[in-house]
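[1] attaching a predicted model along with its sequence, questions to come.
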Amino acid sequence: MLKIIFGRLALGVLTLLAVSVLIFAATEVLPGDVASAVLGQGATPETLAVFRKELGLDRPATTRYLEWFWGAVRGDLGVSMTNKRPILEEVAPRFRNTMFLASFAALIAVPLAVGLGIVSAINEGKLVDRTANVLTLMTISVPEFFIAYVLILVFAVQLDWFPSLATVNSDMGLLEKLYVAALPAVTLTLLVTAHMLRMTRASVLSVMSQPYIEMAFLKGMRRTRVIIKHALPNAAGPIITVVALNLAYLIVGVVVIEVVFVYPGIGQLMVDAVSKRDLPVVQACGLIFAGAFIVLNTLADILAILVNPRLRHPR
Amino acid sequence: MKLFGSKPPLSAWIGLTIMAVYVLVAVLAPWIAPFSESESVAGTWDPPSATSWLGTDNIGRDLLSRLIYGARMTIAVALATTVLSFLIGTTAGFLAAVGGRAVDLLLSRFVDVMLSIPLLIFALIILSVFGSSIPVLVLTIAALDSTRVFRLARAVAMNITVTEFVEVARLRGEGLWWVMRREILPNAMPPLIAEFGLRYCFNFLFVAGLSFLGLGIQPPLADWGGMVRDNAQAITFGLMAPIWPAIAIAVMTIGVNLVVDWFLSINSRPSGAMAEM
C-alpha cells in the first residue's frame, strides 16, 4: 500500500514540475519577448535593452527557468515588475487571507453538501430530493458573480446585516473576520455545495443496486439504516474524491468572489497583476494556485486508496 | 432522471424558445435597440423610465440597448470559441484513438498536465502575456477548452475503433483521415452534440467571468460580463443595474442546459451501444 501511495505522491510532484514548465513556457511563446510586449510600440531600443537586462532576458530560457523554479522552491518568488518589491512579502498575507476564506467556506460546505446528499438519497424521488435537484441545477447554471450580487443586494443593502465589502485586515479578531467574510464564504459555499451534493447522492445511489443492499432490505431493515450502515461506507471513497475535487474548485472560484467583495486575497492580486501585465507576480500566483490544485487532487487519490481497501493492491 | 416534473418536452420547448429569442435579439440588435451601444442618453444610473426601460448605466448609456447589443458579442464569442475548441479537440481525440499507441500516449499525457492547471488560472497567465483582445480570447479559451473535448472524443472514438466496420475500412486501405471523418465522426455525433451544448454553457460563463474581471471583451463593446463589472457599484445604492446582465447570462445557460438535457434523454444509449448504430 505504501508503494502505491508513494507512487501517487511522485506522480503529483512530477505533475507540478510539468505544470511549472508550462507556466514558464507560456511567457516564452510571444513572437517578440516579454519586454517588447509590456513596453509596447513606443519603446526605444535603449529602454528595451535596459528592461531586458533587468528581467534577465539576455540569458537562455532554460537557465532562467531553473533559477525561477529553484527560487520558488526556496520561497523566493522574485520581484514584482510594477513596484519592485519582493513578491513573497506581498503574497504571504494575502495567501493567509485566501486560505482563511476557503477554509471558512469549506467548513460550511462539506458537512452541508454531504449531509444533504445523503438526505436526498434516502428520500430519492420525494419532494426533498426533487427540490434539492432543481436548486442545485440552478446554482450550477448561473455565473458566480450573479449569486454574489444577489446576496449583496438582499443581505448587505436591503437588510443591512452584513457589510458589502469584505475588507479584512490583520488587526481584526477572529469573530470580526468571520463576520466580515460571511457573505463571500456563503457565496463560495453555494457554488461548491451543488456539485458535491449531486455527486454524494449519485455515489450513494450507485451502490444501492448491490446484492448486499438487497439482502439488508430483505432482513427488514429501514431504508435510512440501510443507507447509513451499508451503503455509506462503500460510497465513502467516491464522496471523499468529490469533496477534495470541489475544494480544488473552491481555490479557483475564490478568484472571482474575491474581486466581487474586494477581499484582499491572492486571487485579487493575480487579477490586478494580469491587468497591469506584471508577469512575475502572475507566474507566482499561477504557480501557487496550480500547486494547491495539484496537492488537493493528489490528496483525493491518496484518501480514496486509504478508504477503499480494494484500491490498495495493484492489479 | 426526470428533471422538471413529468414532461421533459415542455422544458425542452422552454429552452429552445429562450435560445431562439436570444439569437433573434442578437441578429436584430440594431433594429430593436432604442439607442446605440455607446450613446450617452441620460445621467448616471437613472432609474427606469419611459425612454429607458431598465434605466441607464454608469456613464448614462441606456441599459436595455446595451443588453441587446451585448447579446451579439457574448453569444458570438462563446460560439466561436466552442466551435474552434471542438475542431481541435475532436481531431486530436480521434487521432489519439486511431493513430496508434505512441500518438495516444503523447497526446494523453500532455492533456493530463493541462488538466492539472485550473482553466481560469491558465487563461489569466496567457492573457497577461498577450493582452486581451477578442482573437486572443477566442484562441486561448478554445485551446484550453479543447483539452476537455479531447477526453470525451478520445473515449467515444476508442469504442468505435474496435468495431468491425472500422477494421474493414482499414483493410480496404483507407487512410487515417478518411477513417476518422467517414467512419468515426458520424457514429460519435450524438454524445459530441450533447457535449457541445455543455461546453458552450461553460465557455459562455467563462467569457462572461473573464469580462467581469476586466480581462475579457473590452469596452466600449457591450458584453454582459463587462456590464456587471461597470455597474457593480450601483448595487450599494440598491439599484438593479448589475443584476440585469447577470440574469441575461443565467437565463441563457439554463435555456441551453434544458435543451441539452432533452437531447441526452432521447439519445440515452450507453456509448458502447452507440457504435452499433
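    Right, received. Where do you want to start?
[2] now the helix or strand hosting B:Phe196, how far from the chain's geometric center?
    Using DSSP states H and E, the element containing B:Phe196 is helix B:185-212. Remark: helix B:185-212 is offset 4 Å from the chain centroid, using Cα atoms, centre = their mean, to the nearest Å.
[3] helices or strands up against that helix?
    helix A:144-151, helix A:232-261, helix B:63-98, helix B:119-130, helix B:134-161, helix B:224-230, helix B:243-266, helix B:271-274 (3 or more Cβ pairs under 8 Å, 6 or more residues apart in numbering or on different chains; DSSP states H and E). In short, each C-beta sits where N, CA and C put it, glycine included.
[4] let me know the average pLDDT across that helix.
    Mean per-residue pLDDT for helix B:185-212: 86.
[5] again with stretch A:283-297
    Computed over stretch A:283-297, the average pLDDT equals 87.
[6] do stretch B:36-53 as well
    71.
[7] that one and chain A in contact?
    No. Stretch B:36-53 does not reach chain A (Cβ under 8 Å from any Cβ of the partner chain); its nearest approach is 13.9 Å.
[8] state the distance from the residue nearest the centre of chain A to chain B.
    Geometric centre of chain A, nearest residue: A:Ile251, 2.0 Å, by Cα atoms, centre = their mean. In this view, A:Ile251 and chain B are 7 Å apart by Cβ to the nearest Cβ, to the nearest Å.
[9] how about that residue, nearest residue that isn't a chain neighbour?
    In space, and not counting its chain neighbours, A:Ile251 is closest to A:Ala292: 4.8 Å by Cβ to Cβ, 6 or more residues apart in numbering or on different chains.
[10] okay, now the one you found: neighbour count?
    Burial measure for A:Ala292: 23 neighbouring residues, criterion other Cβ atoms under 10 Å in any protein chain shown.
[11] give me phi/psi at B:Ser40?
    phi -90, psi 120 (degrees, to the nearest 10).
[12] distance of it from chain A?
    Distance from B:Ser40 to chain A, counting by Cβ to the nearest Cβ: 24 Å.
[13] for that residue, give the beta-bridge partners.
    Going by DSSP bridges, B:Ser40 is paired in beta bridges with B:Arg61.
[14] where does pLDDT dip in the chain?
    Unless you meant another one, I'm taking chain A. Applying pLDDT under 70 to chain A flags residues A:29-43, A:55-58, A:311-315.
[15] meant chain B, my bad for not saying
    Looking at chain B by pLDDT under 70, you get B:1-9, B:50, B:52, B:238, B:266-277.
[16] of all residues in it, which one is nearest the centre?
    Nearest residue to the geometric centre of chain B (Cα atoms, centre = their mean): B:Tyr200, 2.1 Å.
[17] on that earlier part again, pretty sure the residue nearest to the centre of chain A contacts A:Leu296?
    Yes. A:Ile251 is within contact range of A:Leu296, at 7.2 Å (criterion: Cβ atoms under 8 Å).
[18] related to what we said a few turns ago, would you mark the buried spots in the helix holding B:Phe196?
    Neighbour counts over helix B:185-212 (16 or more other Cβ atoms under 10 Å in any protein chain shown) mark B:185, B:187-188, B:190-192, B:194-212 as buried.
[19] ok, back up a step: out of the helices and strands packed on helix B:185-212, deepest packed?
    helix B:224-230 (a mean of 26; mean count of other Cβ atoms under 10 Å in any protein chain shown).
[20] can I get that one as PDB, trimmed to CA atoms?
    C-alpha atoms of helix B:224-230 as PDB (Å, rounded to 0.1, in the frame of the first residue of the first chain):
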ATOM      1  CA  TRP B 224     -22.800  41.100 -20.200                       C
ATOM      2  CA  GLY B 225     -19.900  40.200 -18.000                       C
ATOM      3  CA  GLY B 226     -18.300  43.700 -18.500                       C
ATOM      4  CA  MET B 227     -21.700  45.300 -17.900                       C
ATOM      5  CA  VAL B 228     -21.900  43.600 -14.500                       C
ATOM      6  CA  ARG B 229     -18.500  44.900 -13.700                       C
ATOM      7  CA  ASP B 230     -19.200  48.500 -14.900                       C
END
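[21] what's in contact with that helix?
    A:143, A:145-146, A:149, B:57-58, B:63, B:66-67, B:70-71, B:74, B:207-214, B:216-219, B:242, B:244-246, B:248-249 (Cβ atoms under 8 Å, 6 or more residues apart in numbering or on different chains).
[22] which residues of the stretch 151-277 of chain B lie near chain A?
    So the stretch 151-277 of chain B meets chain A at B:201, B:205, B:208-209, B:212-215, B:225, B:228, B:232, B:235-238, B:240, B:242-243, B:246-247, B:249-250, B:253-254, B:257 (Cβ under 8 Å from any Cβ).
[23] OK, contacts around the spatially closest residue to the residue nearest to the centre of chain B that is not a sequence neighbour?
    Take B:Tyr200 and drop its neighbours on the chain: the residue closest to it by Cβ to Cβ, 6+ apart is B:Thr82, 4.6 Å away. Applying Cβ under 8 Å, 6+ apart to B:Thr82 gives the contacts B:Ala142, B:Asp145, B:Phe196, B:Arg199, B:Tyr200, B:Asn203.
[24] need the max-distance pair from the residues you listed.
    Spatial extent of the contacts of B:Thr82 (Cβ to Cβ) is set by the pair B:Ala142 and B:Phe196 at 13.0 Å.
[25] give me the number of residues near A:Thr193?
    Quick note: A:Thr193 (other Cβ under 10 Å) scores 24 neighbours.
[26] is chain B within reach of the longest helix anywhere in chain A?
    Longest helix in chain A, counting residues (DSSP state H): helix A:87-122. No. Judged by Cβ under 8 Å from any Cβ, helix A:87-122 makes no contact with chain B; its nearest approach is 12.3 Å.
[27] now the angle between helix A:232-261 and that helix, please.
    130 degrees (axes from the mean of the first three to the mean of the last three Cα atoms, to 10 degrees).
[28] which elements pack onto the helix or strand following helix A:87-122?
    Per DSSP H and E, the first helix or strand lying C-terminal to helix A:87-122 is helix A:127-141. The elements that helix A:127-141 packs onto, with contact taken as 3+ Cβ pairs under 8 Å, 6+ apart, are helix A:87-122, helix A:182-206, helix B:243-266.
[29] which strands or helices does the second one pack on?
    Pointing back at helix A:182-206 there. Packed next to helix A:182-206, using 3+ Cβ pairs under 8 Å, 6+ apart, are helix A:87-122, helix A:127-141, helix A:144-151, helix A:232-261.
[30] what does the helix or strand following the third one contact?
    Spelled out, that is helix A:144-151. Moving toward the C-terminus from helix A:144-151, the next helix or strand (DSSP H and E) is helix A:174-180. Contacting residues not belonging to helix A:174-180 are listed as A:Phe100, A:Phe104, A:Phe162, A:Pro163, A:Ala166, A:Thr167, A:Val168, A:Met172 [Cβ under 8 Å, 6+ apart].
[31] adding neighbour count, write those out as a markdown table.
    Formatted as a markdown table, the contacts of helix A:174-180 follow (neighbours: other Cβ atoms under 10 Å in any protein chain shown):
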| residue | neighbour count |
| --- | --- |
| A:Phe100 | 18 |
| A:Phe104 | 19 |
| A:Phe162 | 18 |
| A:Pro163 | 16 |
| A:Ala166 | 25 |
| A:Thr167 | 12 |
| A:Val168 | 20 |
| A:Met172 | 14 |
